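**Q** Sequence unavailable; structure follows:
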Ligand code: AMP
């Protein structure tokens, strides 16, 4: 039997109420679809944790800065359902835009601080869109656990702040980035790279890991970051939006690696924006 699909808040809540009446725990995995092994690793972690797993599939217009990017975003619901069925996910929640943001919708959830630098500086309104939809999804699904990828590390920290500040009773679980064999972080956007761009793309991860190793070895931070930026540009990327060493929790840029830290980066390759990040100091990633 293929994974059941709910398209409305009412359908979703009926299923959730049934599970709750039996005392079952619930996990949610929010996604925008075009599922790959990175998404499926979150679903598997959710299945290992809770009695019931809801995967949400909603291409959230509020988190896109460009209408062209929103229009080009892959929509592959049938294929996504076919990937979830053998795993044993219990419900695929696919609301449309009207269901999520009905006429008159007027609320924006905005997380200051952690959402302001890095991607937040280059994508105005993006994290407001993320925080608004995640708050709705957490309340609609009434989940005990919600799974997010470290691939979108700033998003993960924004969500952590959001649930702490709004007292949403859910445990946020961060899961490691799943990579292709050549190191490229899996992303729905990778599908839009040409063959020659795809060949260049893994250089981003390689440079981040090398910079992290050099920082841990004690090389000056600015030198390590500058070298990574130059190598990325020399190898054919159009631009580096940012490539920074930041503290693990608040994502404030660091000049010393004397606390848990990460290098985070966003770059442009062939009109596609790629993001990635790597840990620098060994730390618990689940905080
Ligand atoms: P998206 O559909 O891109 O919004 O992603 C949905 C969830 O999957 C987010 O929590 C992402 O961080 C996570 N995710 C996306 N790519 C990866 C990856 N390569 N490894 C682990 N998690 C990922």
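**A** Looks like it came in fine. Quantities reported herein were computed from a predicted structural model and do not represent experimental measurements. Residues are numbered from 1 along each chain as shown.

**Q** contacts and neighbour counts: CA atoms only from here.
**A** Fine.

**Q** Which positions in this structure make contact with the ligand?
**A** Contact residues (Cα under 6 Å from any ligand atom) of the chain with the ligand: 30-33, 38-39, 148-152, 176-179, 185-187.

**Q** quick one: which of those sit in strands?
**A** 30-31, 148-149 (DSSP state E).

**Q** how about those in JSON lines, adding pLDDT and neighbour count?
**A** Listed next are those as JSON lines, based on pLDDT from 0 to 100; neighbours: other Cα atoms under 10 Å:
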{"residue": "30", "pLDDT": "98", "neighbour count": "22"}
{"residue": "31", "pLDDT": "98", "neighbour count": "19"}
{"residue": "148", "pLDDT": "99", "neighbour count": "24"}
{"residue": "149", "pLDDT": "98", "neighbour count": "19"}
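
**Q** Closest to residue 193 out of those?
**A** Nearest to residue 193 among these: residue 31, at 20.7 Å, using Cα to Cα.

**Q** what's the closest residue to that closest one other than its chain neighbours in contact with, if anything?
**A** Excluding the flanking residues, the one nearest residue 31 by Cα to Cα, 6 or more residues apart in numbering is residue 57, at 5.1 Å. Residues near residue 57 by Cα atoms under 8 Å, 6 or more residues apart in numbering: 30-33, 77, 92-95.

**Q** Please compute how far stretch 134-146 lies from its chain's middle.
**A** Relative to its chain's centre, stretch 134-146 lies at 16 Å (Cα atoms, centre = their mean, to the nearest Å).

**Q** now stretch 168-176
**A** Centroid displacement of stretch 168-176 relative to its chain, using Cα atoms, centre = their mean, is 12 Å.

**Q** can you check stretch 271-283 too?
**A** In this view, stretch 271-283 has its centroid 12 Å away from the chain centroid, taken as Cα atoms, centre = their mean.

**Q** and that stretch, which residues are buried?
**A** Neighbour-count burial for stretch 271-283, counted by 16 or more other Cα atoms under 10 Å, picks out 272, 274-281.

**Q** Same check on stretch 253-273?
**A** Using 16+ other Cα under 10 Å as the burial criterion, the residues of stretch 253-273 that qualify are 253-254, 257, 260-270, 272.

**Q** At the geometric centre of this protein, which residue do we find?
**A** With distances taken as Cα atoms, centre = their mean, the residue of the chain nearest its centroid is residue 152 (3.6 Å).

**Q** measure that residue to residue 269 for me?
**A** Residue 152 sits 18 Å away from residue 269, going by Cα to Cα, to the nearest Å.
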